[in-house]
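Novice: Would you be able to build a 3D model of this:
(one chain, ligands or ions: 2)
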Amino acid sequence: MSAHPGKAMIEVEKLNVIFGQSEDRVHAVRDVSFQVPEGATFGLVGESGSGKSTVLRALSGLNPEWTGQMTVAGQTLGPKRDKAFYKLAQMVFQDPYGSLHPRHTVDRILMEPLAIHRLDDPENRIERVLGEVGLGPDFRFRYPHQLSGGQRQRVAIARALILEPRILLLDEPTSALDVSVQAEVLNLLQRLKKERGLTYILVSHDLSVVAHMCDDLAVMNHGAVVEELAVAQLKRHEPKHPYTRQLMVASLGYDRAAVDRFEDFGVESGAPGRGDETTLPPAVESEHNRGP
Ligand code: ADP
Ligand code: MG
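Specialist: Ligands and ions are numbered 1, 2, ... in the order given. Predicted coordinates for the structure are as follows:
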């Protein structure tokens with residue numbers, strides 16, 4: 001079923017997350033199990049409140065209250081994460097404005113993880129990672145409010161990548177962006193994955209985004225996985241569970257403008273896509289020019 005038959009990079013087995021007590025009790029994640037092979041992109045889809053973010057937060061250590069078993073790169077995870085874990089896996093959030101400190105420059109935002117992990121040569125690392133996400137060195141001393149939404153999300157991605165992790169946990173990374181910018185950021189993520197051999201979990205409420213980005217996906221409803229399928233099955237309109245079919249109908253025509261701008265990074269296409277360029281695509285430059 002998977003295009004990546006290697007050993008699993010991420011294994012989640014019977015994950016359960018319960019918030020609150022008695023009447024306030026919410027069973028947010030119910031017996032969720034899945035595996036993500038190294039180098040694959042695994043999608044988690046479902047409507048708002050279905051438990052997608054809670055799965056990622058449990059994996060990334062942001063929520064220590066869970067039961068079940070989780071393994072990342074062969075290491076079994078406990079409730080707390082050590083420093084080494086964050087060199088392995090990093091999270092990118094939906095709202096880059098909320099996740100970037102408003103009074104810190106891009107330079108300081110990127111410096112922080114380097115200082116915590118005592119990595120050498122921070123100047124070079126910062127310039128290199130900014131280049132990789134399509135932002136020039138002059139972005140270093142800007143503040144988040146001096147950036148467009150797409151540029152802010154590029155900074156959040158740069159911050160996630162600067163420790164050179166092997167895994168990105170992406171929680172609706174483009175949902176807060178204008179439709180015209182969504183495809184640019186998704187294409188950037190595809191290019192980075194290819195260049196760095198990353199493994200992704202991508203959370204989205206949008207099946208068209210998942211169909212573009214992922215190999216396999218799990219469909220969540222009320223905290224449980226109702227169906228796991230390959231994107232190829234989704235594209236052939238073969239979901240079995242009625243909830244998945246419903247999501248599919250709801251997604252048809254959704255964000256059509258963004259989908260139309262998607263690029264095909266499939267190896268079988270032969271010709272290099274725009275995203276293979278080392279220079280910035282024109283649309284990205286125009287986004288820069290919009291800056292203050
Ligand atoms: P999704 O990301 O799919 O929109 P979430 O994982 O954010 O869904 O939420 C799943 C459920 O868990 C929701 O009912 C939400 O209200 C609840 N929930 C999430 N975080 C908390 C929390 N910290 N405390 C209490 N309930 C929470
Ligand atoms: Mg969420």
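Novice: Wasn't residue 43 part of a strand?
Specialist: Yes: per DSSP: H, G, I helix; E, B strand; the rest coil, residue 43 lies within a strand segment.
Novice: so it touches residue 208, yeah?
Specialist: No: the criterion here is CB atoms under 8 Å, and residue 43 misses it with residue 208 at 11.1 Å. Just so you know, the C-beta spots here come from the backbone N, C-alpha and C atoms, and that holds for glycine as well.
Novice: Residues of this structure that sit close to ligand 1?
Specialist: Applying CB under 6 Å from any ligand atom, we find that the chain lies next to ligand 1 at 19-20, 26, 28, 46, 48-54.
Novice: mind listing the strands for the stretch 1-150 of the chain?
Specialist: Assigned by DSSP state E, counting those that start in this stretch, the stretch 1-150 of the chain shows strands spanning 8-19, 26-37, 41-45, 67-72, 75-76, 89-92.
Novice: actually the stretch 151-292 of the chain, not the one I wrote
Specialist: Taking DSSP E, counting those that start in this stretch as the criterion, the stretch 151-292 of the chain carries its strands at 167-171, 199-204, 216-221, 224-230.
Novice: what's the shortest one packed up against?
Specialist: Under the contact criterion of 3 or more CB pairs under 8 Å, 6 or more residues apart in numbering; DSSP states H and E, the helices and strands touching strand 167-171 comprise helix 52-60, strand 89-92, helix 149-161, helix 179-196, strand 199-204.
Novice: Residue 216 is nearest to which of those?
Specialist: Among the helices and strands packed on strand 167-171, strand 199-204 comes nearest to residue 216, with 10.6 Å by CB to CB.
Novice: what angle separates that closest one from strand 41-45?
Specialist: Relative orientation of strand 199-204 versus strand 41-45 (axes from the mean of the first three to the mean of the last three CA atoms, to 10 degrees): 20 degrees.
Novice: neighbouring strands for strand 199-204, and are they parallel or not?
Specialist: Strand 199-204 pairs in its sheet with strand 41-45 (parallel), strand 167-171 (parallel), by DSSP bridges.
Novice: residues making contact with that strand?
Specialist: 9-10, 36-45, 52-53, 55-56, 59, 166-173, 175, 189, 193, 209-210, 213-214 (CB atoms under 8 Å, 6 or more residues apart in numbering).
Novice: Kindly format the C-alpha coordinates of it as CSV.
Specialist: Taking Å, rounded to 0.1, in the frame of the first residue of the first chain, the C-alpha atoms of strand 199-204 are listed here in CSV:
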residue,chain,number,x,y,z
THR,A,199,9.4,12.3,7.2
TYR,A,200,6.2,14.3,7.6
ILE,A,201,2.9,14.0,9.4
LEU,A,202,0.6,16.5,7.9
VAL,A,203,-2.6,17.4,9.7
SER,A,204,-5.3,19.1,7.6
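Novice: if we can go back for a sec, return the most buried member of the strands paired with strand 199-204.
Specialist: strand 41-45 (a mean of 27; mean count of other CB atoms under 10 Å).
Novice: For it, which outside residues touch it?
Specialist: Outside strand 41-45, the residues touching it (CB under 8 Å, 6+ apart) are 10, 34, 36, 52, 55-56, 193, 199-207, 210, 213-220, 231, 247.
Novice: tell me the mean pLDDT over that strand?
Specialist: Strand 41-45 shows a mean pLDDT of 97 in the predicted model.
Novice: wait, residue 56 sits on residue 167?
Specialist: No: applying CB under 8 Å, one finds residue 56 not in contact with residue 167, separated by 11.0 Å.
Novice: Run through the residues that contact the closest residue to residue 228 other than its chain neighbours.
Specialist: Among residues not flanking residue 228 along the chain, residue 218 sits closest, at 4.7 Å (CB to CB, 6 or more residues apart in numbering). By CB under 8 Å, 6+ apart, the contact set of residue 218 is 32, 34, 42-45, 225, 227-228.
Novice: For residue 56, see how far away residue 10 is.
Specialist: For residue 10, the distance to residue 56 (CB to CB, to the nearest Å) stands at 11 Å.
Novice: that older thread, tell me which of the strands of the stretch 151-292 of the chain sits most buried.
Specialist: Of all those, strand 199-204 has the most neighbours on average by mean count of other CB under 10 Å, namely a mean of 26.
Novice: what about that one, average pLDDT?
Specialist: 97.
Novice: any idea of the angle it forms with helix 179-196?
Specialist: For strand 199-204 against helix 179-196, the angle by the same axes, to 10 degrees is 160 degrees.
Novice: Out of the residues of the chain next to ligand 1, who's the most crowded?
Specialist: Neighbour counts for those (other CB atoms under 10 Å) peak at residue 52, which has 27 neighbours.
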